[in-house]
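here's my sequence, what's the structure:
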Amino acid sequence: MTLKLIREQLKTKSHRNHAISICLIAFLFTTIFTSGNIVVANAENHALTNYWNKSGEADIIVLSTSEDSIPQEVLNNAESVTPAYIAGALCTTEASDNEAVVVVAESDITELSKKMNLGLSGLDSNSIIANTKVLDSLNCKIGDKIFVNDTQYVITHVTDTANFLSPKDAIIIMDPVDPDVGNDDIAVYFLNYQHDQKQVSAAVEQLEDAVSYINLHEGITAIYNEFANLNSVLNIFFIAIITICIILTGSSASLNLRSETVYWTNLRLMGLSRNRLKRIIRIESALLAVIGSVLGILGGYFAALLICMATDTNFDNKVIDWLLLMFGALLGLVIVLLPIQAFLFRNTQREALSPFRTVKTKSARNGLFAVLVSVVAVIMMIVLLTSSLWLGSITSASTQYVIQLIMAFLTMILVTVGCVEWISAVARKIRTKPTQLFAYTSKVHAKRIKGITISLVIIVAVLGTLVEFSTTFKNWAYELANQQLTFDARATLNNDEMGGQQLDALMDREGIDARGSYYLGIAKLSGASTYLISEMPDSNQLNDIYNHDKEFGNLMSDEIAVSKTLCKSLNLQVNNQVKLIMNGIVKDVTIVSTFETQDYSSSIVIASSSLFEPEEYKRVCLNFELRNNATVSDLRRELKTSSITIESSSELTIKWQDSIVNGVDILIWVCVIIAVSLLIMLNNNIKNSIMNRKREFALLRTMGLSKNEVLRLLFAELLLLQLPAIIIGELFTPFLSYFFINLNATITGYDVTYNVNILTYIIIMAVVAVILTFSPIRTFNKAKNESPIDSLIQQ
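Next up, the predicted model:
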């Protein structure tokens, strides 16, 4: 009986519109929720997979002169321990006499291969594996011969996973086949804890100050933190979307269920009880929401697949949290049913859904009341803004922006309510005779679509924030690069005798104007790998490069300057005393200043030239300008046989911008789906509201107005109702953008300069106005082409 009544209801066009609207809202919300969570989960898995592919199964690599120096509990708690050793052998090639560290497997290469993700089950007796740095250091390639203590081998495999092994760059891995390579040197233990962060942290605490170790899990922790921050930002968007969906569902229910009054009355006269009628409405809405949610999960799945393809992210069904997606579908069901239940409760209290209910209308509120509401809203806005600034001054940075963001939404809603009241007051002032009735209908319609107007404000603000969020970060990265990359190219060479000769030859070349040179090494700051830079004598260019007010050349031997992003990630501050380790040499230093840069992925420490000996640095870099029509491509072509690496400033700029993104691209794709979905929902509600006003259009036609005159009046009303909402949304866009950008800047450590882009607001306003003003034309044409009598009968 219930399903039969529902089928009968769906035969009416107005109720079909209501059903489609409810199903669409559930579908779009579930699509947004599903795609967002699947994309973030796959992006995190992609980052983790790439990291572990480089580091292999090992979580910690311990270097010790003997096993006795390692706490036994550390070894016992490990899932597996794979021993090896670093031999004191000398590796050379026919082209170079540079040294390389030799890591020898204790038994065979198989277990070591698993721990380092080498992908080997065995190794020929005359074969060795080289890490990628060996090719540069020893000036060789795969297939070249290499000598280990005068014994000849062939490089058959190259891997970058061995770069984790040692502060030194060049690493050779081999089976214990050569008796001349003794195992009485430094022992290496690859410890696997199945990537369990708690066990790794416990092991690190026990290893502290006991032996040298490399904690490979530090990188994984940074990835977890990054995606936790990304999820936090995404959840804030979800809160806004939930609010909009509830408003739109309530508006749709109010517009469409009221139009079914005649049908409900007939059912009541046929003996259907009020409770039974409400139960039918709830069952129908629940079925529609379930259908929309199921379709939304499928739509979100394929949308996530497309986003992952567009961002070159590996897609894996195994990382999808299906329980979370079921929760999203349930949330979509609640979002749909909650406002409908509120509608039924409100109208039950007013004796609605009664067959002989007398309809009474409230007297129109005067314009003075609307003005007072607007004034109160403005005062509340000022109070909230002042309070947010005050709270921001007494709270922590992350809490500050969350509080201010919540206040921004509350202020926006208050001002929007005042805006709607102003719209109603203006509508009542239309007194010309041809539109007197339309003035009344405009007033009633303005009251009906308050929810739509508020939703439009939030949608415009969210859409503008999305655009500003992405463009601001990328533009800031570009501006920062232009400020600091005040040279045409950078050359990187080995810091050895051959590299020194090549550097001198490069500086003497015609067409090159040197802008500064510095030493570059890999060090550890508070356990994290960093790039250590020290200015070469008489260079004095680092201050210009990094636009810093402190003279790096005047740093004391125990002082360092650290990039702001690195300080943020390691939770360090100025005046903190830390340990800086390079090539096994430990220095106690003090952070005296910070600076902003994206060079070398922001992992930069600048130290005095007296902190470490120059030969401890593995690289030397030269920044230079080109003159006399010289180009980077020509220079590369001429130097292709050397070991010099040359990067142009444009290539460095792209690297900087890529490092800035920090998950923003994925967020942008998800938010594009959000913006489009919200506009579809809003547009659908506006169309439904037009179809429910056919009686008003018919009355205007009976008064003698032509179809075109009614169309002009409709456009006038749409502009009257939508433009103030769009303007309010545009005004809130920079406000929300500022807090989202600063919230992300607080998380990532970037000091982002936020610039308002007026063109962005103009484009968004134009696009939203065109979509929401002209898209209802087709619906209106259907309504106006019906005869007035048919429209009155249907209504």
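
number of nearby residues for V39?
Other residues lying near V39 total 27 when counted by other C-beta atoms under 10 Å. Using the backbone N, CA and C atoms, a C-beta is placed for each residue, glycine as well.

that one touches L306, doesn't it?
No - taking contacts as C-beta atoms under 8 Å, V39 lies outside contact range of L306: 9.7 Å.

next structured bit after the helix or strand hosting K579?
Per DSSP states H and E, K579 falls inside strand 577-582. Where DSSP H and E defines the elements, the next helix or strand beyond strand 577-582 is strand 585-595.

what about the stretch 451-600 of the chain, any weak spots by pLDDT?
451-463, 466, 470, 527, 537-545, 547-553 (pLDDT under 70).

switch the cut-off to 90
451-588, 592-600 (pLDDT under 90).

please enumerate the helices of it.
497-507, 542-546, 564-570 (DSSP state H, counting those that start in this stretch).

take the ones you listed and lay them out in JSON lines including mean neighbour count and distance to R279.
Conversion of those to JSON lines gives the following (neighbours: other C-beta atoms under 10 Å; distance: least, C-beta to C-beta, whole Å):
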{"stretch": "helix 497-507", "mean neighbour count": "15", "distance to R279": "83"}
{"stretch": "helix 542-546", "mean neighbour count": "20", "distance to R279": "69"}
{"stretch": "helix 564-570", "mean neighbour count": "20", "distance to R279": "56"}
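
distance to A491 added to these, as TSV?
Shown next, in TSV, are the helices of the stretch 451-600 of the chain (distance: least, C-beta to C-beta, whole Å):
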stretch	distance to A491
helix 497-507	6
helix 542-546	14
helix 564-570	24
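
what about the ones you listed, which gets the closest to W322?
Nearest of those to W322, taken as C-beta to C-beta: helix 564-570 at 32.6 Å.

for I646, give the beta-bridge partners.
Per DSSP bridges, the residues bridged to I646 are A491.

and it, how far from L191?
Here the criterion is C-beta to C-beta, to the nearest Å. By it, I646 lies 40 Å from L191.

same drill for the two, tell me which one is more crowded.
Legend: neighbour count by other C-beta under 10 Å for I646 and L191, higher for L191 (26 against 20).

residues touching the more buried one, list them.
With contact set as C-beta atoms under 8 Å, 6 or more residues apart in numbering, L191 has these partners: A58, D59, I60, I61, V62, V74, L75, A78, S80, V81, A203.

now the residues you listed: which count as buried?
A58, D59, I60, I61, V62, V74, A78, V81, A203 (16 or more other C-beta atoms under 10 Å).

one step back: so which of the contacts of L191 sit within helices?
If you go by DSSP state H, the contacts of L191 have V74, L75, A203 in helices.

not counting residues beside it along the chain, what's closest to the second one?
Right, the one you point to is L75. Nearest residue to L75, sequence neighbours excluded (C-beta to C-beta, 6 or more residues apart in numbering): V81, at 5.6 Å.

thought the one you found was touching V74?
No - counting by C-beta under 8 Å, V81 sits too far from V74 to count as a contact (9.2 Å).

for L626, which non-adjacent residue is spatially closest?
L626 sits nearest to D488 (C-beta to C-beta, 6+ apart), 4.6 Å away.

what are the structural domain limits within this structure?
1-56+219-358, 60-215, 379-487+653-795, 488-652 (automatic domain parsing).

mean confidence for stretch 305-321?
Stretch 305-321 carries an average pLDDT of 80.

what comes up buried for it?
I307, C308, T311, T313, F315, V319, I320.

which strand runs longest in this protein?
The residue-count maximum for a strand in the chain (DSSP state E) belongs to strand 512-525.

in its sheet, what does it sit against?
Paired with strand 512-525 in the same sheet, following DSSP bridges, are strand 528-535 (antiparallel), strand 577-582 (antiparallel), strand 619-626 (antiparallel).

just put those in CSV and tack on distance to L324 and mean neighbour count.
What follows is the strands paired with strand 512-525, written out as CSV (distance: least, C-beta to C-beta, whole Å; neighbours: other C-beta atoms under 10 Å):
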stretch, distance to L324, mean neighbour count
strand 528-535, 32, 22
strand 577-582, 39, 16
strand 619-626, 46, 20
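
three-state assignment of N628?
Recorded secondary structure, N628: coil (DSSP: H, G, I helix; E, B strand; the rest coil).

please renumber so the chain begins at 33
Okay, residue one is now 33; in that scheme the one you just asked about reads as N660.

identify the residue nearest it in space, chain neighbours excluded?
G543 (4.8 Å).

returning to what we had before: most widely separated two among the buried residues of stretch 337-353?
Counting by C-beta to C-beta, the most remote pair of those is T343 and I352, 16.7 Å apart.

for this protein, which spans come out with low pLDDT?
In the chain, residues with pLDDT under 90: 33-620, 624-636, 638-827.

quick check: the gap between I313 and V368.
In terms of C-beta to C-beta, I313 sits 12 Å off from V368.

one more: T497?
Distance, T497 to V368, using C-beta to C-beta: 26 Å.

which one of these two is surrounded by more residues?
Comparing T497 with V368 by neighbour count (other C-beta under 10 Å), the higher total belongs to V368, at 29 against 24.

so who does that one touch?
Counting by C-beta under 8 Å, 6+ apart, V368 touches I54, I57, A58, C277, T281, S317, A318, L320, A321, G324.

of all pairs in those, which one is the farthest apart?
C277 and A318 (15.7 Å).

ok, these two, which is more surrounded?
C277 (25 against 16).

dump the residue contacts of the residue lying closest to C599 once chain neighbours are set aside.
Leaving aside its chain neighbours, C599 sits nearest to T626 (5.5 Å; criterion: C-beta to C-beta, 6+ apart). T626 sits next to A593, V594, S595, K596, C599, V606 when contact means C-beta under 8 Å, 6+ apart.

partner residues bridging the nearest residue to the last one once chain neighbours are set aside?
Here the nearest residue to V606 in space, its sequence neighbours aside, is I623; by C-beta to C-beta, 6+ apart that works out to 5.5 Å. Beta bridges link I623 to I592, judged by DSSP bridges.

what's the answer for the one 4 residues further on, then?
Residues found in beta-bridge contact with F627 (criterion: DSSP bridges) are S595.

what is the burial count for it?
By other C-beta under 10 Å, the residues close to F627 number 21.

that one and V594: what is the separation?
For F627 relative to V594 (C-beta to C-beta), the value is 8 Å.

next: E683.
Counting by C-beta to C-beta, the gap from E683 to V594 is 25 Å.

okay, the two: which has more neighbours?
Set E683 next to V594 and count neighbours by other C-beta under 10 Å: V594 wins out with 30 against 13.

OK, contacts around that one?
By C-beta under 8 Å, 6+ apart, the neighbours of V594 are L557, L604, I623, S625, T626, F627, I636, V637, I638.

how close does the fifth one get to V637?
Going back to what we said before, that points to T626. Between T626 and V637 the distance, using C-beta to C-beta, works out to 11 Å.

overlap in contacts, the two.
In contact with both T626 and V637: A593, V594, S595, using C-beta under 8 Å, 6+ apart.

tell me how many other residues crowd S558.
Close neighbours of S558, defined as other C-beta under 10 Å, add up to 17.

same deal with Y649?
Other residues close to Y649 by other C-beta under 10 Å number 23.

can you check R314 too?
14.

cool, S634 as well?
Using other C-beta under 10 Å: S634 sits among 24 other residues.

L60 too?
For L60, the neighbour count with other C-beta under 10 Å is 28.

how about K650?
22.

so it touches L564, yeah?
No - with contact defined as C-beta under 8 Å, K650 does not reach L564; the gap is 10.0 Å.

between these two, which contacts overlap?
L552, G553, I554.

from memory the first one sits against E567, does it?
No - using C-beta under 8 Å as the test, L552 is too far from E567 to be in contact (10.9 Å).

who touches both of these two?
Listed contacts common to L552 and E567 are nil; contacts here mean C-beta under 8 Å, 6+ apart.
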